[in-house]
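kindly return the folded structure for what I paste below:
(4 chains)
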Number of protein chains: 2
Amino acid sequence: MTSPGLRELKKARTRRTIREHALRLFAERGYAATTVDQIAEAAEVSPSTFFRYFPTKDHVVLDEDADPVLVAAARALPEGVPVARGLREAILAVLDGHTPPAGDMLAMTRLAFGEPDLRARTLEHALATEAALAGILAERLGRDPGDMRLHVFAGAVLAAWVTAMRTWSAEDGVRPLAEYLDANLAYLEAGLPL
Amino acid sequence: MTSPGLRELKKARTRRTIREHALRLFAERGYAATTVDQIAEAAEVSPSTFFRYFPTKDHVVLDEDADPVLVAAARALPEGVPVARGLREAILAVLDGHTPPAGDMLAMTRLAFGEPDLRARTLEHALATEAALAGILAERLGRDPGDMRLHVFAGAVLAAWVTAMRTWSAEDGVRPLAEYLDANLAYLEAGLPL
DNA sequence: TCTCAAATGAGAGTAACTGTCAGAATCTCG
DNA sequence: CGAGATTCTGACAGTTACTCTCATTTGAGA
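Below you'll find the predicted structure:
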């Protein structure tokens, strides 16, 4: 076990500080109206350092490559059940244990889908999640990872996810996110009848 | 009837010229390595003019808001059939009459999904198409445009579309795009069993 | 031909990055 | 604990996408 080490600690703290100030400033004056220099100044680091921690301005808001909730759910997929059903259960289970403060999440979601620059990054994020999901499913089902069906299916799951998030944030979170998500996953499970 | 008019003609020509030179340069030296100034110089216009015709560099490659093929197909949706089936027929019909040179399309597709900047724009494009599709479906079916099912369904159609394009371009177009698309839409029609 | 509106080009300015380099902070090992 | 190796940081210069403004040119219509 390597002890944390002062260097690691400081790095983690700096990263957190930058993100906090950035999100605060975005909330106060808007994403586009906030410059990296301002964030750096507020966080008391140089602009160079900002870019050492985050490759681009939008990565402050969205950093992970694939959504951890969906990936965890896919890994926890029960066997012997139709995938859509299993995924629905797994996602809701993971989401249940994994609840960040609803207020923050609402603000982030609004940013992620509202600001044009961030929307683009959000969608890249969704694409990465789709790929991860398809990969895990390929492994679980013993199929060729290039099988288009896996990708179409994973894309549909992402559509359910994105639609739930957007609707939830559009309605200011009056009802819990899980409800919207469950409705969409149930619809997917039913085979998307129209 | 407004006659074409010299002004309109020149505008159309300038737009086409800029795009042609841009795509040529992108193919020659890559998207990121080509600057707007170089495109402007090649097209014999000032950089200012470039931005009057295209709001951003990536709009040279992807300009429309929603994919015209999918939108046209949705509008041509036959009645009385399940939507997935009708859409499958309509899309293939539209695609049949609407075949741009496969080589160009392949190059554009590779750019659109390969270059990170463009991938982001491509996905925005997909999102706009999803919204348009959901809107048309709402009208056709007499449903609330906010109905999440419409958006999940439209998202799944987009997933079928995107997956087909990516696979097609990854395989260098050895088989026609319509084949991949048909396979994915058939899978969607079957209710995405896994 | 003359006048008005639209298109263009030139130039200055902003902001997101990128790369380099010297100095400071941390770690490691004797 | 102290010296040397390693890593982090800030300063700075440079590139590029994009914005705004203003003077000039070009096409449209009387």
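
what's the closest non-adjacent residue to the most centrally placed residue in chain A?
Nearest residue to the geometric centre of chain A (C-alpha atoms, centre = their mean): residue A:67, 4.3 Å. Excluding the flanking residues, the one nearest residue A:67 by C-beta to C-beta, 6 or more residues apart in numbering or on different chains is residue A:129, at 4.5 Å. Any C-beta I mention is one placed from the backbone N, CA and C, and that applies to glycine too.

check residue A:26 too.
The spatially closest residue to residue A:26, leaving aside those adjacent along the chain, is residue A:34, at 5.6 Å (C-beta to C-beta, 6+ apart).

quick one: secondary structure of the nearest residue to residue A:190 once chain neighbours are set aside?
Nearest non-adjacent residue to residue A:190, counting by C-beta to C-beta, 6+ apart: residue B:191, 7.6 Å away. Three-state call for residue B:191 (DSSP: H, G, I helix; E, B strand; the rest coil): coil.

any part of the lengthiest helix in chain A near DNA strand D?
For chain A, the helix that runs over the most residues, judged by DSSP state H, is helix A:116-141. No: against DNA strand D, helix A:116-141 shows no contacts by C-beta under 7 Å from any atom of the strand, the least distance being 9.8 Å.

quick one, that helix and helix B:116-141 angle?
If you take axes from the mean of the first three to the mean of the last three C-alpha atoms, to 10 degrees, helix A:116-141 sits at 80 degrees to helix B:116-141.

which strands or helices does the helix or strand following helix A:116-141 pack on?
Proceeding C-terminally, helix A:116-141 gives way to helix A:148-170 as the next helix or strand, assigned by DSSP states H and E. Helix A:148-170 is packed against helix A:68-75, helix A:83-97, helix A:102-114, helix A:116-141, helix A:177-189, helix B:148-170, helix B:177-189, with contacts defined by 3 or more C-beta pairs under 8 Å, 6 or more residues apart in numbering or on different chains; DSSP states H and E.

among those helices, which is the most enclosed?
A comparison of the helices and strands packed on helix A:148-170 by mean neighbour count, using mean count of other C-beta atoms under 10 Å in any protein chain shown, puts helix B:148-170 on top with a mean of 24.

now do that one: distance to the chain's middle.
12 Å (C-alpha atoms, centre = their mean, to the nearest Å).

stretch A:162-175 now?
Centroid separation for stretch A:162-175 versus its chain: 14 Å, with C-alpha atoms, centre = their mean.

let me see the mean pLDDT of that stretch.
What stretch A:162-175 shows for mean pLDDT is 95.

the bottom helix or strand of chain A by mean pLDDT?
helix A:102-114 (a mean of 87; mean pLDDT, DSSP states H and E).

so what does it touch, helix or strand wise?
Under the contact criterion of 3+ C-beta pairs under 8 Å, 6+ apart, helix A:102-114 touches helix A:6-29, helix A:116-141, helix A:148-170.

got the angle for that helix vs helix A:148-170?
120 degrees.

helix A:102-114 near DNA strand C anywhere?
No: counting by C-beta under 7 Å from any atom of the strand, no contacts exist between helix A:102-114 and DNA strand C, the nearest distance being 14.5 Å.

so how far is that helix from its chain's centroid?
11 Å.

one more: stretch A:174-191?
Chain-centre distance of stretch A:174-191: 17 Å, with C-alpha atoms, centre = their mean.

pLDDT score assigned to the residue nearest to the centre of chain A?
Looking at residue A:67, its pLDDT is 91.

am I right that it is in contact with residue A:131?
No: the criterion here is C-beta atoms under 8 Å, and residue A:67 misses it with residue A:131 at 11.4 Å.

quick check: neighbours shared by those two?
By C-beta atoms under 8 Å, 6 or more residues apart in numbering or on different chains, residue A:67 and residue A:131 have no common neighbours.

can you list the residues of chain A near DNA strand C?
A:5-8, A:10, A:34-37, A:47-48, A:51, A:55-58.

could I have the PyMOL command that selects the buried members from the residues you listed?
Here is the PyMOL command that selects only those of those that count as buried (16 or more other C-beta atoms under 10 Å in any protein chain shown):
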select buried, chain A and resi 34+36+57+58
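
so which of the residues of chain A next to DNA strand C would count as near DNA strand D as well?
Restricting the residues of chain A next to DNA strand C to those near DNA strand D - C-beta under 7 Å from any atom of the strand - leaves A:7, A:10, A:47, A:48.

perfect, I'm done here.
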